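**Student:** Pasted the sequence and its predicted model underneath.
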Amino acid sequence: MTPAGRLIGFAFIILALAGGTVWMTRESLRSREVPQDVGLRWLKDEYHLDDTAFARIRALHRDYFSQCTKMCRQLDAADRPLLWRARLRDRQNTDITDELNKEQALCGDCEKAATDHLHQVAALMSPEQGRRFLNDILPILQQQRREHDRRVSSSLRR
Amino acid sequence: MKSNDSDSLHELLTSWQEQAETPPDFRREVWRRIAAEAHDPGWVERLAWWLLRPKREGVVLALVIVLAVVWGITHPPEEINPHDAYVMSISPFDPSHLRDR
């Protein structure tokens, strides 16, 4: 092998080693907490929840998450064909309208479940903190719903 | 007949004595010609010659590992914002909602 070839080979080994080491170091520093736990910890600190209220809110979240996972999978399955343009071309308008209606009904159910859950959580806080909590989270939920609907309808228009 | 010829050739060769003498600067001349033929190594060859030795390679690799660990520690992965984590976990319309299920 020529000196230049050996040098290039050595440079590749150095790059691979550096990349692998950086990746392993960063991964070992990454938090293993799931977003649900990070979010709940934030809720406790932000709204000054005592241990009793937090335990009840945690139980509420557990119930909500199990119901939500089921509904979200249904919503995801209903969204997929509507967001996938290639599939829509060969279909009748009535099929698409039916699917869209079904998707919108599911979205409505999901939004209602989330809103009810947030109200239940707020009820376990002091009235002032509960109002602050709803004023913070509900508008974001509604905004995300609007963005979701916009994504679906713009996919149908394409 | 053939055997007689080869015998006489053998005798002739064994009786032959070389009389020639090498000139006094013979060795120097040989090296001068070799030097004239060889080209100057470029920077790549010089670097390869200097660097690619087991001890130096080991030192460079160890240095790279240390620097990569230091860089990884000083540039940790971005943690999710706790507020966003809460919204992500409760909002069915958040794009990352199903990712951690």
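**Tutor:** All right, it came through fine.

**Student:** what about residue 69, which helix or strand?
**Tutor:** You didn't pick a chain, so chain A it is. Element membership of A:Thr69 [criterion: DSSP states H and E] is helix A:51-83.

**Student:** You answered for a different chain; I wanted chain B.
**Tutor:** Here B:Val69 is assigned to helix B:54-74, by DSSP H and E.

**Student:** Contacts for the very next helix or strand once past that helix, please.
**Tutor:** Next helix or strand after helix B:54-74 toward the C-terminus (DSSP H and E): helix B:82-90. Contact partners of helix B:82-90, identified using Cβ atoms under 8 Å, 6 or more residues apart in numbering or on different chains, comprise A:35-36, A:38-43, A:46, A:61, A:64-65, A:68, A:114, A:117-118, A:137, A:140-141, A:144, B:80, B:94, B:96-97, B:100. The C-beta positions use only the backbone N, C-alpha and C, and glycine is treated the same way.

**Student:** Stretch A:115-129 now?
**Tutor:** With Cβ under 8 Å, 6+ apart, stretch A:115-129 has contacts from A:43, A:47-49, A:53, A:56-57, A:60-61, A:64, A:130-131, A:133-134, A:137-138, A:141, B:90.

**Student:** And the most centrally placed residue in chain B, how far from chain A?
**Tutor:** Nearest to the geometric centre of chain B sits B:Leu52, at 4.8 Å (Cα atoms, centre = their mean). For B:Leu52, the distance to chain A (Cβ to the nearest Cβ, to the nearest Å) stands at 6 Å.

**Student:** dump the residue contacts of that residue.
**Tutor:** Here B:Leu52 is in contact with A:Pro3, A:Arg6, A:Leu7, A:Phe10 (Cβ under 8 Å, 6+ apart).

**Student:** quick check, nearest of those to chain B?
**Tutor:** When the contacts of B:Leu52 are compared for distance to chain B (Cβ to the nearest Cβ), A:Pro3 comes out closest, at 3.5 Å.
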